[in-house]
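A.B. asks: All I have is the shape, not the residue letters:
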């Protein structure tokens, strides 16, 4: 299991450069197994699952900044699995192509802890 995140790094001083550090840690060991330093702005610099190499059977845990269709497809295409905190403004759900799925209405049906559905 791996957890991904990113943070900003600023060089000291008034004119210090600003960078983004993308990193991955293994769980439960908390060992860093990947990092990449990018600029803060420009193509290919934002928080994305595509920043990370994915191995077959990787289990990835990420926050809502990584909740994008393209990022999740990157993990799936590499043979990995992802658990992401949902950002409903960026990630749209469908029951089949073109048919919207109301996630909030579905979750409200769950009345007991440990249940997977209503």
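C.D. replies: Sure thing, it's come through. Because the structure is a prediction, the values reported are computed rather than measured.

A.B. asks: can you tell me which helix in this protein is longest?
C.D. replies: The single longest helix within the chain, with elements called by DSSP state H, is helix 69-77.

A.B. asks: got a list of contacts for that one?
C.D. replies: With C-beta atoms under 8 Å, 6 or more residues apart in numbering as the test, helix 69-77 has contacts from 48-50, 54, 58, 60, 81-82, 84, 91-92. Yep, even glycine has a C-beta here, placed from its N, CA and C like the rest.

A.B. asks: hmm, try it at 6 Å
C.D. replies: Outside helix 69-77, the residues that touch it by C-beta atoms under 6 Å, 6 or more residues apart in numbering are 48-50, 54, 60, 82.

A.B. asks: do stretch 6-18 as well
C.D. replies: 19-22, 40, 47.

A.B. asks: Identify, from those residues, the entry nearest to residue 65.
C.D. replies: residue 47 (4.5 Å; C-beta to C-beta).
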